[in-house]
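Colleague: Can you look at this prediction? I've put the sequence above it.
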Amino acid sequence: MDNKTAFSKKWLFAFLLILILATLPFYTHPYLIVSITSILMYVCLTVSWVIFCAPTRYMSLATATFFGVGMYTSGVLGELLPFPVVVACGGITSFLIGLLTGFICLRLRGFYFAIFTFGLNELVRHSVLWWEANVAGTVGRWVIILESLTIYYYMLIIVLLTVLVAYFLKRSRFGLILYSIGESEEAAAHIGINVTRYRIIFFAVSCFFMGMAGAVMATKWAYIDPRIAFNPVLNFTPVLMALFGGVGDIYGPILGAGLLTLISELLLSRFPYYYMLLYGIIFIVIISFLPEGLVGLAKKWQKNP
Amino acid sequence: MDSLDARTFGNQIRKNMIKLVLDVIMGLNLQYGVARVLNVSHGEFVMVGAFITFWAYKLFGINPLVSLAICGPMLFIIGLFTYRTLFQYLRKSSHSVDVFEGRSMLASFGMLYMIQNIALLWWGPNVKAYTFLNYPVKLFGLTLEANRLVALIFTLVVVLVFYMFILHSNIGKAIRAAAQNEKSAQLLGINVQAVLALCFGLGALLAGLAGSIISMMQEITPVMGFPYLIIALIVLVLGGAGNILGSLVGGLILGGVTTVVMYWEPGLSLVVSYAIFALILIIRPQGVLAR
């Protein structure tokens, strides 16, 4: 099999997958649509996390923050504007806050970046909590409710957009720039790359998709408060899902997010009392024994079967 | 400041006095600063310490102060065991310290899930509390609950013993050497792996003692850990990783600032402590004490 047929096979497979997902509501149970929506959400969050964090090796633990920003945009603007505009606004607000965050933490390298973003989520969560209680005079907000089918299609479009951007970004000049930042920031600066600019912009780009996903998913929960919107668990799950799949290729994170969401939903329905214990064990096993992820494992097997 | 204000301010200091010192002893500093494990489940160790003390008191009538002597070693063994099994494996299989830091943090997040779930299964989700020395005593014109006073004294003792241990004992010297430069320490004949495991165990021990002391004053639940993790994280950043004396200063700063903010606008005390955390990271990521 030469390279060209492999290439076209890949596209054919992607096309078929999209076709199946797009027509799925016509022949499946509505419940399945709801759970596939949540898989799509995790795929979107994981892939958008991978856009910036995998090549540059800056581990961001603020996924929940930007997701929550999107949710709150939806909560505030939901009734004022048509929904597609709301979703775009969620993305843009998240993008702007991402720009600001990227600018603020420019001096932070390596692990301090992770700690900073982790703290950022808490800062935002408690600020919003305080603002809602003392200025707005509420705890949470009601969000407009959409049909689960509408949410599904919105999510599908966002995921497609995220994956396409991630795919073409990686193959473009910018992908190489991000990788060179990850390999050695000083060396990248020396060969004339404006490290500062690209770090800020692509961090914000990855936040853009998280914000859009948040704006859509808020309508699924119908009610949001800072504890739901900025749930610290969501800071870690995309990292784990990306690691599970393997961050080298675009299908790694998609596979990781899809499989792990499935597994966790299964665990939650089968063993509700042991769910966290089992999930924790899976967490540790993945980190200990799958450093390259599923894709890495498959490649290793291909090399020496 | 009129007299009423002065009194409420005094009250705030009284309430926060314990927290101020606890912040110090819970510093994740040993675990991150020396063993390079950012233990996200640190708060869970605090919770386990609190529950051990609670059950020892409820089931066997063991005095919570005596429990400190049970709790500490138990948590130390748990900590030592997790380091020796999980984190040492991760350390060996990671090709750089950066990778190890990322992986160990994620693994400890998995541990957070596991410990919390086990605690929920064993002890149930309900809020638990016991009364211990629950009467007021007067000290320098301030009225304190006796349990707070005892807790304060014991915290001070623990901190003092701990700092003497780090500063003057041979093992303490080995720990500081490993914190400064692992490779040189190894060249000088220090068994670095053992020291790192010891540090992780000691971190768990301090968390357990803190939990034990907290249970004397507050209600406890299996999900109480997270805020303590955040406090410990802020202290770590304020003091600077690997700077053992720094966590003392960091704890004092955090305690002082939150006390003032509590007096001014109670709802904002957490927000302000995170803001300090973010500011310190941006301006002086090496910590306030570093040269």
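Modeller: Nice, I can see it.
Colleague: From here on, just use CA atoms for contacts and neighbour counts.
Modeller: Will do.
Colleague: Name the nearest residue to A:Leu146, ignoring sequence neighbours.
Modeller: In space, and not counting its chain neighbours, A:Leu146 is closest to A:Thr219: 6.0 Å by CA to CA, 6 or more residues apart in numbering or on different chains.
Colleague: give the contact list for the residue lying closest to B:Asn126 once chain neighbours are set aside.
Modeller: Leaving aside its chain neighbours, B:Asn126 sits nearest to B:Thr221 (6.4 Å; criterion: CA to CA, 6+ apart). B:Thr221 sits next to B:Met47, B:Pro125, B:Asn126, B:Val127, B:Lys128 when contact means CA atoms under 8 Å, 6 or more residues apart in numbering or on different chains.
Colleague: if you set the cut-off to 7 Å instead, what comes out?
Modeller: B:Pro125, B:Asn126, B:Val127, B:Lys128 (CA atoms under 7 Å, 6 or more residues apart in numbering or on different chains).
Colleague: Chain A: which of those is nearest?
Modeller: Using CA to the nearest CA, B:Pro125 comes nearest to chain A of the contacts of B:Thr221, at 11.6 Å.
Colleague: and that closest one, what are its phi and psi?
Modeller: phi -80, psi 0 (degrees, to the nearest 10).
Colleague: What is the burial count for it?
Modeller: B:Pro125: 14 surrounding residues under other CA atoms under 10 Å in any protein chain shown.
Colleague: how far away is it from B:Asn117?
Modeller: Relative to B:Asn117, B:Pro125 is positioned 10 Å away (criterion: CA to CA, to the nearest Å).
Colleague: CA-only coordinates of the helix or strand where A:Met241 lies, as PDB, when you get a sec.
Modeller: Of the helices and strands defined by DSSP states H and E, A:Met241 is found in helix A:233-245. Provided in PDB are the C-alpha atoms of helix A:233-245 (Å, rounded to 0.1, in the frame of the first residue of the first chain):
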ATOM      1  CA  VAL A 233     -12.300  18.300  37.700                       C
ATOM      2  CA  LEU A 234     -12.800  19.600  34.100                       C
ATOM      3  CA  ASN A 235      -9.300  21.100  34.300                       C
ATOM      4  CA  PHE A 236      -7.800  17.600  34.500                       C
ATOM      5  CA  THR A 237     -10.000  15.400  32.300                       C
ATOM      6  CA  PRO A 238      -8.900  16.900  28.900                       C
ATOM      7  CA  VAL A 239      -5.300  16.400  29.900                       C
ATOM      8  CA  LEU A 240      -5.900  12.800  30.800                       C
ATOM      9  CA  MET A 241      -8.000  12.100  27.700                       C
ATOM     10  CA  ALA A 242      -5.200  13.600  25.500                       C
ATOM     11  CA  LEU A 243      -2.600  11.500  27.200                       C
ATOM     12  CA  PHE A 244      -4.800   8.400  27.000                       C
ATOM     13  CA  GLY A 245      -5.100   8.800  23.200                       C
END
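Colleague: Now do the next helix or strand after it against helix A:233-245, angle only.
Modeller: Next helix or strand after helix A:233-245 toward the C-terminus (DSSP H and E): helix A:251-270. For helix A:251-270 against helix A:233-245, the angle by axes from the mean of the first three to the mean of the last three CA atoms, to 10 degrees is 120 degrees.
Colleague: can you pull the buried residues of helix A:251-270?
Modeller: Across helix A:251-270, burial judged by 16 or more other CA atoms under 10 Å in any protein chain shown covers A:251-262, A:264-265, A:267-268.
Colleague: and residue 267, what does it touch?
Modeller: You didn't pick a chain, so chain A it is. A:Tyr275.
Colleague: my bad, the chain I had in mind was chain B
Modeller: Contact analysis of B:Gly267 by CA under 7 Å, 6+ apart lists A:Trp130.
Colleague: element containing residue 151?
Modeller: Since no chain was named, I'll use chain A. Assigned by DSSP H and E, A:Ile151 belongs to helix A:148-171.
Colleague: Wait, chain B was what I had in mind.
Modeller: helix B:146-168.
Colleague: Low-confidence ranges, chain B, go.
Modeller: B:1-28, B:133-145, B:242, B:244, B:287-291 (pLDDT under 70).
Colleague: which stretches of the chain form helices?
Modeller: Looking at chain A here, since you left the chain open. For chain A, the helices defined by DSSP state H cover A:3-23, A:30-56, A:63-77, A:83-104, A:110-131, A:148-171, A:173-183, A:185-190, A:195-221, A:226-229, A:233-245, A:251-270, A:275-289, A:293-303.
Colleague: Wait, chain B was what I had in mind.
Modeller: Using DSSP H, helices in chain B cover B:3-25, B:29, B:42-60, B:64-82, B:88-93, B:97-123, B:146-168, B:170-180, B:182-187, B:192-217, B:225-239, B:244-264, B:269-283.
Colleague: So which of those helices is the most surrounded?
Modeller: Comparing the helices of chain B by mean neighbour count (mean count of other CA atoms under 10 Å in any protein chain shown), helix B:29 comes out on top with a mean of 32.
Colleague: Does chain A have contacts with it?
Modeller: No. Using CA under 7 Å from any CA of the partner chain, we find that helix B:29 stays clear of chain A, coming within 13.7 Å at best.
Colleague: can you pull the pLDDT of A:Asn3?
Modeller: A:Asn3 is assigned 62 on the pLDDT scale.
Colleague: For chain A, what lies in contact range of chain B?
Modeller: By the rule CA under 7 Å from any CA, the part of chain A lying against chain B is A:105, A:107-108, A:116, A:119, A:123, A:126-127, A:130, A:274, A:276-277, A:280-281, A:283-284, A:287-288.
Colleague: follow-up on the earlier one: mind checking which of the contacts of B:Thr221 are buried?
Modeller: So, by 16+ other CA under 10 Å, none of the contacts of B:Thr221 is buried.
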